[in-house]
Each structure stands twice: as C-alpha cells, then as structure tokens.
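Engineer: Could you look at this predicted model? Sequence included:
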Amino acid sequence: MSNPAADSLSFQFSGTDIFEYRYAELLLNIAECYAAKGDITNAVNYLGKIRSRVGIPSANNYGIGTPSSKYAALEACLYERRVELAYEGKRFWDVQRWLLYDNIAPYNTVQKLGLTPINGTQRTGYYWQSITYSPATTNPLTVADRNILIDPDAANFETEIARLKALVRTKFVMTPLDQAWDRVNNVATTILFRPNYYLSGLPGALLGNNPWLQQTIGWLDYSGIQGTFDYQQ
C-alpha cells in the first residue's frame with residue numbers, strides 16, 4: 001500500500017494502491033504452464049522459488065517432492081496457490097477454471113488431479129483459542145510476544161520465525177467449530193454448485209433486444225425457454 005492512511009471512502013481519488021497481481025503469482029503461473037506441458041522439473045523449480053524466499057529448507061525440493069505426473073505437478077501448483085494467495089480472491093477463479101466442483105465429462109479434471117469434488121462437502125474451520133485464557137487474563141501475549149516481527153529481508157528472520165512458532169505452540173490451540181459453518185435455518189448444509197454456474201447466462205433484456213443471440217444451455221431465455229447455445233463447441 002502506498003498510503004495506508006488514505007481516504008478509502010473516496011477511493012476513486014485515493015492514492016492508495018491495491019495489490020492485484022504479485023510477483024509470486026507470476027511465478028505460480030509460470031510453474032503451472034510448465035506443469036501443463038509435462039515439464040515437471042521446471043514446474044517444481046518455480047514453486048521452489050516461492051518457498052525459498054520465506055525460509056523453507058531446500059530439502060526434498062522445498063518439501064514439494066517430485067510429482068509423479070503432470071497432473072500431480074498441476075495439483076501441486078493449485079495447492080501452492082491456495083497457500084500463497086490465501087484471502088486474495090484468487091481461489092474462486094482457480095476452482096472455476098479447473099472445474100473442481102464436480103468431475104465433469106469430458107474433462108474429468110477432478111479425477112485427473114486426484115482431488116475430491118467440492119460438491120457435497122462442507123466448509124470446515126477452527127477457532128484459535130488461548131490455552132491460558134480466563135476472565136482474569138485479558139491478554140495472554142506479553143510485550144515481547146507482541147513485538148515479534150516477521151520480515152523475510154531482516155537478518156533475524158530465522159530467529160523471529162522460531163519465536164513465533166514457539167508462541168503459537170505454547171499459548172494457542174486450534175479448536176473445531178462448535179457448529180457447522182454453512183447453515184440454512186440453522187440446519188447444516190453442503191455445497192451445491194450446478195454445472196451451468198460455470199458460465200452465467202445472458203440477461204433477458206439483452207436477449208430481447210437482439211433476436212440473433214442464443215441463451216446459454218442451462219439458463220432460460222427472455223421467453224422462459226431453455227437455452228440452446230453450447231459455449232464448449
């Protein structure tokens with residue numbers, strides 16, 4: 001961010017920059033291209049560039065290992081994207097472009113990648129809870145704990161990482177959620193993503209203005225008739 005104190009309410013006039021594309025994503029894209037070509041060596045090499053910068057040991061290809069096939073390499077790229085680009089709005093589009101909700105023929109990407117379809121599953125999560133919390137303890141972190149600074153470019157980076165690891169292990173515990181994350185009328189529900197959701201249909205007003213346009217399969221046209229346009233052909 002160029003100016004964290006900038007007025008975000010009038011964003012069109014703000015001097016605050018927004019990260020849309022990072023160098024790490026460029027490396028991930030290159031790795032994925034190599035994986036798609038079947039060049040596993042270069043795919044792993046570029047994934048390693050991402051891990052090396054945060055201090056992950058180089059042993060066993062920075063913990064990536066050696067994928068057994070191009071699809072295993074592609075899955076390694078998708079996994080690394082989930083970690084590196086977490087909370088940056090990228091996962092939705094990765095799921096879309098790889099058709100990960102169901103094993104849709106003729107692509108069968110879920111099966112080829114060795115993954116489980118997202119449809120029918122539930123989101124899970126955990127609470128981070130203080131091990132020593134009690135009403136008398138308002139803050140389990142000491143001043144030294146709050147001064148831990150993780151800077152990959154700092155000389156004490158490894159030391160600070162070790163301090164953070166010790167802090168998490170000694171003062172916090174991961175506790176499963178006490179109720180399902182996704183609920184409808186307080187009843188747990190599973191994910192359902194229909195195949196036609198991968199490509200939105202055209203608005204009825206647009207179709208009504210141009211009789212030559214066809215509605216996409218899976219969606220209704222302005223007359224309420226099922227669309228016939230197969231965008232995959």
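Structural biologist: Sure, I can see it. Here the structure is a predicted model, which means the values were calculated and not measured.
Engineer: switch to C-alpha atoms for all contacts and neighbour counts from now on
Structural biologist: Fine.
Engineer: who touches L149 in this structure?
Structural biologist: Counting by CA atoms under 8 Å, 6 or more residues apart in numbering, L149 touches E160.
Engineer: List the residues that contact the residue nearest the centre of the chain.
Structural biologist: Centroid check for the chain by CA atoms, centre = their mean gives R91 as the closest residue, at 3.3 Å. By CA under 8 Å, 6+ apart, the contact set of R91 is R81, R82, L85.
Engineer: what about 7 Å?
Structural biologist: By CA atoms under 7 Å, 6 or more residues apart in numbering, R91 lies in contact with R82.
Engineer: One more: S69?
Structural biologist: No residues are in contact with S69 under the rule CA under 7 Å, 6+ apart.
Engineer: got it, and A36?
Structural biologist: With CA under 7 Å, 6+ apart, A36 has these contacts: K70, L74.
Engineer: And the next helix or strand past the helix or strand hosting it?
Structural biologist: Using DSSP states H and E, A36 sits in helix 23-37. Going down the chain from helix 23-37, the next helix or strand is helix 40-52, by DSSP H and E.
Engineer: how about the strands of this protein, start to end?
Structural biologist: 126-130, 172-176, 183-184, 187-188 (DSSP state E).
Engineer: Redo the ones you listed as TSV? Include distance to L27, mean neighbour count and mean pLDDT.
Structural biologist: TSV is the format used below for these (distance: least, CA to CA, whole Å; neighbours: other CA atoms under 10 Å; pLDDT from 0 to 100):
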stretch	distance to L27	mean neighbour count	mean pLDDT
strand 126-130	30	13	88
strand 172-176	32	14	91
strand 183-184	38	10	91
strand 187-188	39	10	92
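Engineer: Was I right to think I131 contacts F172?
Structural biologist: Yes. Counting by CA atoms under 7 Å, I131 sits close enough to F172 to count as a contact (5.2 Å).
Engineer: Where does pLDDT dip in this protein?
Structural biologist: 1-19, 133-137 (pLDDT under 70).
Engineer: And the helices in it, which stretches?
Structural biologist: Secondary structure of the chain (DSSP state H): helices located at 23-37, 40-52, 59-62, 70-84, 91-97, 109-112, 143-146, 157-171, 204-209.
Engineer: Identify whichever of those helices lies nearest to I225.
Structural biologist: Among the helices of the chain, helix 204-209 comes nearest to I225, with 11.1 Å by CA to CA.
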